[in-house]
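coords please:
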Amino acid sequence: MLVRIGAPKKKNGKLIFQPRNMDRVFCTGVFWALACGVGYTLLGMFDAWFNKDDLLLFFWFFALFAAEAVFALLLAREAFSWFSTEAALILHSDFLRLGDKVKLDWKLQGDLSRVEIFTVHLAGYESYEKNGKELRRNFFGSEVLSFRGNVFDSQGEATLSIPLDAMHSFEKEAEGVLKRYRKYSILWELGVYCINRGRLNSIQVYPIEIHPL
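Below is the predicted model of the structure:
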């Protein structure tokens, strides 16, 4: 499962939600460079092993191989995420308020036949931060759209309904008695979930700001 947290972009009065492809391009390039390095290092390690006079060189190659392999594994999910189906969204308002109903365009990118679940979910959280630790409590959750089984269309429309009787985005910072930093927040997030058969699952989480009436 690949989870990304990003921020929507504002453009022409709309909010654009899409995967961060530039980050993925960079990670993929580094992954394949490391993969080539792993292969070259293996050749050097085997050569040093068969030459008994170069045992120190063998251990040096082995340490380099281990480091390259670990970093390559850390980037492997990003590199292979190109084969997963992901979603891009356009929200037809860049200023969201309590009680709003906003048109939402969605578009799937990838192999639709492998999509088992496609869901867009709106969630509200109460967050309290103290001593560097964050505690969250979910006070609202609603599915904006949901497909289970085969998704036959690559794009469509839905409506994002923001509840009227909820708390808008909010953040307050304070300093405790022992001068330990504290923060209380009301957070809203839009989650985009693509569960793919035989591919990495994709979860995009976008924080959004909900304004009062």
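
Identify the residues contacting stretch 122-134?
Residues outside stretch 122-134 that contact it (CB atoms under 8 Å, 6 or more residues apart in numbering): 135-144, 160, 162, 166-167, 176, 180-191, 210. For every residue, glycine as well, the C-beta is placed using N, CA and C.

buried stuff in that stretch?
122-126, 129 (16 or more other CB atoms under 10 Å).

circling back: buried among the contacts of stretch 122-134? Make that a PyMOL selection.
Typed into PyMOL, the line below selects the buried ones among those, using 16+ other CB under 10 Å:
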select buried, resi 140+144+160+162+185+186+187+188+190+191+210
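
Out of the contacts of stretch 122-134, which sit inside strands?
135-144, 160, 181-191, 210 (DSSP state E).

how much space between G124 and V70?
According to CB to CB, to the nearest Å, G124 stands 38 Å off from V70.

now Y184
Per CB to CB, Y184 is found 39 Å from V70.

The closest residue to G141 other than its chain neighbours sits in which helix or strand?
Of all residues not flanking G141 in the chain, A123 sits nearest, at 4.9 Å (CB to CB, 6 or more residues apart in numbering). Per DSSP states H and E: A123 is located in strand 115-130.

quick one: that strand to chain centroid distance?
Relative to its chain's centre, strand 115-130 lies at 12 Å (CA atoms, centre = their mean, to the nearest Å).

Repeat that for stretch 156-166.
Between the mean C-alpha location of stretch 156-166 and the chain-wide mean there is a distance of 22 Å, by CA atoms, centre = their mean.

and if you look at stretch 183-203?
7 Å.

For that stretch, the averaged confidence score.
Mean pLDDT, stretch 183-203: 86.

what ranges do the helices span in the protein?
Using DSSP state H, the helices assigned to the chain run over residues 21-50, 55-80.

Least confident secondary structure element in the chain?
Taking mean pLDDT, DSSP states H and E as the measure, strand 2-5 is the helix or strand of the chain with the lowest mean score, a mean of 59.

Just grab the bridge partners of the residue nearest to G191 when sequence neighbours are not counted for me.
Spatial nearest neighbour of G191, excluding adjacent residues (CB to CB, 6+ apart): H121 at 4.4 Å. Beta-bridge partners recorded for H121 (DSSP bridges): E143, G191.

What's the separation between H121 and K14?
Distance of H121 to K14, computed by CB to CB: 20 Å.

do the same with N196
Taking CB to CB as the measure, N196 falls 27 Å from K14.

of those two, who's got more company?
N196 (20 against 16; other CB atoms under 10 Å).

list the contacts for the more buried one?
Contacts for N196 (CB under 8 Å, 6+ apart) come out as 84-85, 110-111, 114-116, 202.
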